[in-house]
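Peer 1: here is a sequence together with a model predicted from it:
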Amino acid sequence: MSFEFYKPSNIKEASELLKNPGYIAVVGGTDTVVKVRGGFYKALKALVDLNGLFSNEIKVEKDKCIIGSACVMNYIANHPVIKENFPVLAEAAHSLAAVQIRNVATIGGNVGNSSPVGDTIPALYSLEADVNIVSAEGKRVVPINEFITGVGRNVLKPGEMIESFAIPMRKTSGSFQKLGERKALSISKINLGLSYWNDGKPHYRIAMGAVAITVLRVPKAEELLEASPLPLTDEVIKQAAEYAVETAKPITDLRSTKEYRKQMAGVLLKRALNAIK
Ligand SMILES: Cc1cc2nc3c(=O)[nH]c(=O)nc-3n(C[C@H](O)[C@H](O)[C@H](O)COP(=O)(O)OP(=O)(O)OC[C@H]3O[C@@H](n4cnc5c(N)ncnc54)[C@H](O)[C@@H]3O)c2cc1C
């Protein structure tokens, strides 16, 4: 297969290129290159390299933590603002692949790939992140829970790119849990992000990946937990876990069976709740 390779020098140029059918954005390349080699893109005409166009830094601006879409996993996992305030995201970024991949795999690429097993996605759901989108025409903001529309599909229109993610700045506790083929270096069979914060009243956000075509929240468990005094009892945690099992609508694929994934949704929620106790 032959295709062109473009290295645009600004966002407008990149956006105009990406309006062409068969033109695919690439940053770290850890998903894209595998897909190109595997013949996934049937009508690939060109790769458009976005390196250098978007920030690879994390900044706190007013009441938001802004994560540039070019931030790589190791940087996110070790960043003091993320470790201190958003442990669910630090753990998710740290859990992804091996250190070599984590040095090039970006958060923009993880969300842009829009896989049901993408590890940072449930973490971003549980933190109520927004996706900042940019194109030659301007900017728009989409909440993460409206960004992904199906397996590998999202709301980006031709010419649009992810500029950054914005997380409301607050101190949360949290836990990211995943089950893979092995303890390390594995794509998730199922994953779960949990965040908790208290701004006068308790808030729990639970987001499960690989249990449906997009990430699922577990509102019944969130409501139960928010109504329960601390410390949470084993009975409350068991009931919340049962709601997670009930909510999960997984499929069987090469990584796992639907029955296993459904049961494990409850196990992962129990582990996450015990981790932040
Ligand atoms: C060996 C291996 C192990 C892996 N393990 C895991 C794992 O455990 N967990 C996990 O979640 N993933 C895993 N991955 C997948 C991959 O590493 C991640 O999804 C990574 O975060 C992708 O980032 P990237 O910069 O390499 O993306 P790229 O490959 O460059 O791009 C991925 C997709 O996002 C789009 N994109 C990238 N940046 C933007 C942007 N700014 N705006 C719009 N669209 C954009 C691209 O067009 C493409 O469709 C693994 C991959 C490999 C090869």
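Peer 2: Arrived safely, thanks for sending. Source: prediction; values computed, not measured.
Peer 1: CA only for contacts and neighbour counts going forward, please
Peer 2: Will do.
Peer 1: if you average pLDDT over stretch 250-269, what comes out?
Peer 2: Stretch 250-269 comes out with an average pLDDT of 89.
Peer 1: all helices for the stretch 1-150 of the chain, in order.
Peer 2: 11-18, 32-37, 73-78, 80-85, 87-95, 99-102, 107-113, 120-126, 144-147 (DSSP state H, counting those that start in this stretch).
Peer 1: just the C-alphas of the first one, formatted as CSV.
Peer 2: Only the C-alpha atoms of helix 11-18 are listed here, as CSV (Å, rounded to 0.1, in the frame of the first residue of the first chain):
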residue,chain,number,x,y,z
ILE,A,11,-3.4,23.9,12.8
LYS,A,12,-5.1,25.5,9.9
GLU,A,13,-3.0,23.6,7.4
ALA,A,14,-3.5,20.3,9.3
SER,A,15,-7.2,20.9,9.4
GLU,A,16,-7.5,21.5,5.7
LEU,A,17,-5.5,18.3,4.9
LEU,A,18,-7.7,16.3,7.3
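Peer 1: which other helices and strands contact it?
Peer 2: Helix 11-18 is packed against strand 23-26, strand 46-49, strand 130-135, with contacts defined by 3 or more CA pairs under 8 Å, 6 or more residues apart in numbering; DSSP states H and E.
Peer 1: quick one: that helix near the ligand?
Peer 2: No: applying CA under 6 Å from any ligand atom, one finds helix 11-18 separated from the ligand by no less than 9.4 Å.
Peer 1: turn the helices and strands packed on helix 11-18 into JSON lines, including mean neighbour count and mean pLDDT.
Peer 2: Listed next are these as JSON lines, based on neighbours: other CA atoms under 10 Å; pLDDT from 0 to 100:
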{"stretch": "strand 23-26", "mean neighbour count": "22", "mean pLDDT": "98"}
{"stretch": "strand 46-49", "mean neighbour count": "20", "mean pLDDT": "98"}
{"stretch": "strand 130-135", "mean neighbour count": "22", "mean pLDDT": "98"}
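Peer 1: so can I have TSV of these showing distance to residue 165?
Peer 2: Output for the helices and strands packed on helix 11-18, formatted as TSV (distance: least, CA to CA, whole Å):
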stretch	distance to residue 165
strand 23-26	18
strand 46-49	20
strand 130-135	5
